[in-house]
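Chemist: quick one, structure for this:
(2 chains)
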Amino acid sequence: MRGAKSAKWVAIAGVVALTATACGGGDSDSNGSGKVDPKGIVSYANGEPQNALQPSNTMEAYGSVVIDALFTGLVYYDKQGNITYENAESVTPDKANKVWTVKLKPGWKFHNGETVTAKSYVDAWNWAADPANGQQNSSWYRDIVGYDEVHPEKGKAKKKAMSGLKVVDDNTFTITLKNGIPYYAYKLVYKPFFPLPSAALKDPKKYGEAPVGNGPYKFKSWDHKKSIQVTAWSGYKGEDKPKNGGINFKAYTTPQAAYNDLRSDNVDTMPLIPDSELANFKQDFGDRAIEQDFSAINTVNPAFYSKTFKDMDVKVIQGLSMAIDRDTIAKQTFAGTRESASGWVAKGVKGYKAGACGEFCKFNPKKAKQFVEDGGGVPGNKISIQYNADQPHEGWVTAVCNSITKSTGVKCVGDPKTDFQADTEVRDKKQVKAMYRSGWVLDYPFNGNFLADLYGTGVDGNKGGFSDKKFDELTKKADAAKTIDESAELYQKAEESLQKSFPGIPLWYNKTLSAHSKNVKNVVFDQAGDPVLSDIEVFEK
Amino acid sequence: MGRYVARRLLQMIPVFIGTTLLIFLMVNVLPGDPVRALWGDKPPDPAQVAQLKHDRGLDLPLWQQYLHYMGGLLKGDFGNTIAGNRPVLDEISQAFPVSMRLASMAWTFELIVGITLGVLAGIRRGRFVDNTVTLFTLLVISVPIFVIGLLCQLFFGNELGWITPTVQDSENMGQLAVPAIVLGMVGLAYVARLTRTSIAENRSADYMRTAVAKGLPRQRIVTRHLLRNSLIPVVTYLGTDIGTLMGGAVITEGIFNVTGVGNLLFTALAHREGSVIVGVVTVLVLVYLAASLIVDLLYAVLDPRIRYA
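Modeler: Reported below is the predicted structural model:
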């Protein structure tokens, strides 16, 4: 589970910028003159999905939102971060959290009439794990016994099926993990764990263009780069039965264009308000503006391999953190649409604890200066923060830098890379000069996802080369816990220990900022910033 | 004339090879790996990256990739996209008709309105009409196109509600009207100014005096004598502008959400989709070459003194 990949990234614009998205409860029906039309179609501002529409090959936001409408997985989670059962009747671990038994609710069908069985899951996962099938999310199965034979680090699959997956009967299968993971059920929320009908594995290309799922909506049409249409499916057995007649995912090329259409009711809602409109979207939409917590966090992380941060006393990093006036910058640069972070885990996930970072995330210029001096200062008295210039990061990076310089006297400059691709390349190659900006959206609503997967020694998500033995031990303990709650608690201890090693400087929690048109009500986004499409109600025209 | 055309066509071959090679090389020196980019800010899976690279032929040496590409091109195969593995030809054949429609509308607009304004201003040089046109064109040239575009969108779309703020259907001519006008605005200003200057100069030429002295009707003097002789610089501009309108509409297409070539090129660049970039630019180069050939041939029509051996 180490280094699991994050749930999604928003094509060019998105999560990259962590330009908060989603939602909230702008569900007042004050605009609703009329009655609700259960057959009404909701239009949603989206973009062209990157890949064919296969659950295990979709990680960016444009495709994700469509896949979520078409498929229903085993489990999901509620606002408190607790597991809810969808297609699964139960998902239960053995004592060591190693063997997980999944029982399905009987009678579920795919849109083509095929019954959803244990085999629909097991076959789909085995197929997706084989590198020859080119599924981008395949490493999500890496916890399962036998994954390495199906998906070796190099070369072709040695076996076609993971030995850890066993079909018991039509509605039961077991997952055997390499190591016990108390919160494994959370991972099953993610798209690669969705089922596929047998025909989809025989002709993946055709099914990628016209997916057949088991979710609340049925695929209707995909007009490339224009729209994807899905309609409510009457045969759906899940709880979240659509309250509308279907969704029209309209492809927009820029968030700005979508925003202007939203203002004149040509589209019903959109995932993220463009940064240029942050200051006025509440005025534009009044009670139709949506602002909601979104489980994502922004940080600036030191590159511990760089000349600047190699062998640096942790006091200096703590000092730099205290030198940043988060509240004021959030107010001025983000028009108050972000909230100062007080730890390394985003709000709204299980195990989130306010104030985990202690006094080090509070603005205190005097102490900041003292800490930097006590720690021996910064080599050359100069640091830089790397960011991608194709997104509106320059403003806040400059503000953070000014705050650092003003408080501590350490010179700080922005280090722009032309675009996100260039930025990630420098990070992947470990050539960051001093610090880089980073953001993380939850993969699953559990605090371990923000800790072990980002700051564990050598995990994929750890781009700054951070390594702390004590932290690794604590996360190992947390992973070996008996129950989810226990594990979450142990992870809180691991998070607290980061105060002493400071792998990154927490800045802000994101919020979902959106709005909806006058044609609809009840628009809500979930913690991952995704719209809850089945709840949207459309007014009669 | 026939030989001239043949020679020009032959010249296109090295230009074509040169540009594709250049673009191909330039895309490859850009930082950022397109396959890695599929994972966004998430850590990629090395086995999967290797597999995808192998499938798309991206693990071959650059020169082999280029030869493969050119070989495919001769057979009309533009290769496949890295993300989604769709034929690039599909993308191109979807985007070009849209841009062609938008560009031709914009072009017609700048041609008709531009020349009309230019003639009016040129004939009434120094008078009220002339000053108005000069001022208007100055304004259009000095205000960036995205400002004009956004203002049109906000004013006509969001405030007045005459149009939808963005184009809902890129194949609908009526919806393309406003973006086309915005797109043609800058060209219009240049056309008007070029025409005006040219007309103003030629107005005092000897043949004009002769024509007036012969007692020809004013209409005939302006259209047959004055305009025809004044149009050569304008035609040159209009010719090369076709290519600019086709490929340079990135901003306008972005504002109005038109899924044309500009848009395709922009997203392809952002995703480092080399084969799409090279493919689009290749077609654009062909458009440029064809347009400039037509312009050169038109010279002879406008001014019979110009003859091609």
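Chemist: near residue B:291, how many other residues are there?
Modeler: Summarising burial for residue B:291: neighbours were counted as other CB atoms under 10 Å in any protein chain shown, giving 18. Every C-beta, even on glycine, is put in place using the N, C-alpha and C of the backbone.
Chemist: stretch B:244-255 close to chain A?
Modeler: Yes. Under the criterion of CB under 8 Å from any CB of the partner chain, chain A is reached by stretch B:244-255 at B:253, B:254, B:255.
Chemist: most neighbours out of those, which is it?
Modeler: Result: residue B:253 is most packed of these (other CB under 10 Å), 30 neighbours.
Chemist: and residue 274, what does it touch?
Modeler: Let's take chain A. Residues in contact with residue A:274 (CB atoms under 8 Å, 6 or more residues apart in numbering or on different chains) are A:19, A:254, A:255, A:256, A:259.
Chemist: ah, I was thinking of chain B
Modeler: Contact partners of residue B:274, counting by CB under 8 Å, 6+ apart, are B:24, B:27, B:28, B:34, B:82.
Chemist: 6 Å instead?
Modeler: Taking CB atoms under 6 Å, 6 or more residues apart in numbering or on different chains, we find residue B:274 in contact with residue B:27.
Chemist: quick check: closest non-adjacent residue to residue B:113.
Modeler: Of all residues beyond its chain neighbours, the one nearest residue B:113 is residue B:188 (5.6 Å), with distances taken as CB to CB, 6 or more residues apart in numbering or on different chains.
Chemist: immediately after the helix or strand hosting that neighbour, which helix or strand?
Modeler: Taking DSSP states H and E as the criterion, the element that holds residue B:188 is helix B:173-202. Next helix or strand after helix B:173-202 toward the C-terminus (DSSP H and E): helix B:206-213.
Chemist: got the contact list for that next one?
Modeler: Identification of contacts with helix B:206-213 by CB under 6 Å, 6+ apart yields B:221, B:225.
Chemist: now that helix: mean pLDDT?
Modeler: Helix B:206-213 shows an average pLDDT of 88 in the prediction.
Chemist: could you do stretch B:292-307 as well?
Modeler: For stretch B:292-307, the per-residue pLDDT values average out at 80.
Chemist: buried residues in it, which are they?
Modeler: When neighbours are counted by 16 or more other CB atoms under 10 Å in any protein chain shown, the buried residues of stretch B:292-307 are found to be B:292, B:293, B:295, B:296, B:298, B:299, B:302.
Chemist: buried set for stretch B:131-149?
Modeler: B:133, B:134, B:137, B:140, B:145, B:148, B:149.
Chemist: related to what we said a few turns ago, dump the residues of stretch B:244-255 next to chain A to TSV, plus secondary structure and pLDDT.
Modeler: Shown next, in TSV, are these (DSSP: H, G, I helix; E, B strand; the rest coil; pLDDT from 0 to 100):
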residue	secondary structure	pLDDT
B:253	helix	88
B:254	helix	86
B:255	helix	88
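Chemist: ok, the buried residues of stretch B:131-149 vs residue A:468, which is closest?
Modeler: Distance from residue A:468 was checked for each of the buried residues of stretch B:131-149 by CB to CB. The minimum falls on residue B:149, at 51.5 Å.
Chemist: in helices, which of the buried residues of stretch B:292-307 appear?
Modeler: Counting by DSSP state H, the part of the buried residues of stretch B:292-307 found in helices is B:292, B:293, B:295, B:296, B:298, B:299, B:302.
Chemist: need the contact list for the second one.
Modeler: Going by CB under 6 Å, 6+ apart, residue B:293 touches residue B:8.
Chemist: just to revisit the earlier point, of the contacts of residue A:274, buried ones?
Modeler: Buried subset of these (neighbour count, 16+ other CB under 10 Å): A:19, A:254, A:255, A:256, A:259.
Chemist: residues in contact with the second one?
Modeler: The one in question is residue A:254. Listed by CB under 6 Å, 6+ apart, the contact set of residue A:254 reads residue B:254.
Chemist: how many neighbours does the residue of the stretch 101-250 of chain B found nearest chain A have?
Modeler: Checking the stretch 101-250 of chain B residue by residue against chain A with CB to the nearest CB singles out residue B:165 as nearest, at 3.8 Å. Taking other CB under 10 Å as the criterion, the count of residues near residue B:165 is 28.
Chemist: now swap in residue A:105 and tell me
Modeler: The burial metric for residue A:105, expressed as a neighbour count using other CB under 10 Å, is 16.
Chemist: phi, psi of the residue lying closest to it once chain neighbours are set aside?
Modeler: Nearest residue to residue A:105, sequence neighbours excluded (CB to CB, 6+ apart): residue A:89, at 4.8 Å. Geometry field for residue A:89 lists phi and psi as phi -80, psi -40, criterion degrees, to the nearest 10.
Chemist: per-residue pLDDT of residue A:89, please?
Modeler: For residue A:89, the pLDDT comes out at 96.
Chemist: that one reaches residue A:103, doesn't it?
Modeler: Yes. With contacts defined as CB atoms under 6 Å, residue A:89 counts as touching residue A:103 at a distance of 4.5 Å.
Chemist: compare these two (neighbour count), which wins?
Modeler: Applying other CB under 10 Å to residue A:89 and residue A:103 shows that residue A:103 carries more neighbours, namely 18 against 14.
Chemist: close enough to count as contact, the residue nearest to residue B:113 and residue B:115?
Modeler: No. Counting by CB under 6 Å, residue B:188 sits too far from residue B:115 to count as a contact (9.4 Å).
Chemist: buried sites along stretch B:67-76?
Modeler: Buried residues in stretch B:67-76, counted by 16+ other CB under 10 Å: B:69, B:73.
Chemist: which residues are contacting that stretch?
Modeler: Here stretch B:67-76 makes contact (CB under 6 Å, 6+ apart) with residue B:79.
Chemist: mean confidence score for that stretch?
Modeler: Averaging the model's pLDDT scores along stretch B:67-76 yields 87.
Chemist: run the chain-centre distance for that stretch.
Modeler: 25 Å (CA atoms, centre = their mean, to the nearest Å).
Chemist: picking that back up, tell me the spacing between the residue nearest to residue A:105 and residue A:239.
Modeler: Separation of residue A:89 from residue A:239 (CB to CB, to the nearest Å) stands at 13 Å.
Chemist: tell me where the stretch 201-309 of chain B has helices.
Modeler: B:206-213, B:218-220, B:228-230, B:232-247, B:250-255, B:261-270, B:274-302 (DSSP state H, counting those that start in this stretch).
Chemist: nearest to chain A, of the buried residues of stretch B:292-307?
Modeler: Lowest distance from chain A to the buried residues of stretch B:292-307 (CB to the nearest CB) belongs to residue B:292, with 29.9 Å.
Chemist: what pLDDT does the model give the closest residue to that closest one other than its chain neighbours?
Modeler: Ranked by CB to CB, 6+ apart and with sequence neighbours excluded, the top spatial neighbour of residue B:292 is residue B:239, at 5.9 Å. The model reports residue B:239 with a pLDDT of 86.
Chemist: buried residues in the longest helix seen in chain B?
Modeler: The longest helix of chain B (DSSP H) is helix B:88-123. Along helix B:88-123, these residues count as buried under the neighbour rule (16+ other CB under 10 Å): B:88, B:91-92, B:94-96, B:98-103, B:105-107, B:109-111, B:113-115, B:117-123.
Chemist: and if you look at stretch A:252-272?
Modeler: Within stretch A:252-272, the residues scored as buried using 16+ other CB under 10 Å are A:252-264, A:266-272.
Chemist: restricting to C-alpha, output that stretch in CSV.
Modeler: The C-alpha coordinates for stretch A:252-272 follow below in CSV (Å, rounded to 0.1, in the frame of the first residue of the first chain):
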residue,chain,number,x,y,z
TYR,A,252,-15.1,22.6,-22.2
THR,A,253,-11.6,23.7,-23.2
THR,A,254,-11.1,26.2,-20.4
PRO,A,255,-12.7,26.6,-17.0
GLN,A,256,-13.3,30.2,-17.9
ALA,A,257,-15.5,29.3,-20.8
ALA,A,258,-17.5,26.9,-18.6
TYR,A,259,-17.8,29.6,-15.9
ASN,A,260,-19.3,32.1,-18.4
ASP,A,261,-21.8,29.4,-19.6
LEU,A,262,-22.7,28.6,-16.0
ARG,A,263,-23.4,32.3,-15.4
SER,A,264,-26.0,32.3,-18.1
ASP,A,265,-27.4,28.9,-17.3
ASN,A,266,-26.1,27.1,-20.3
VAL,A,267,-24.5,24.5,-18.1
ASP,A,268,-25.7,23.4,-14.7
THR,A,269,-22.6,23.1,-12.7
MET,A,270,-18.8,22.8,-12.9
PRO,A,271,-16.1,21.2,-10.9
LEU,A,272,-13.9,24.2,-10.1
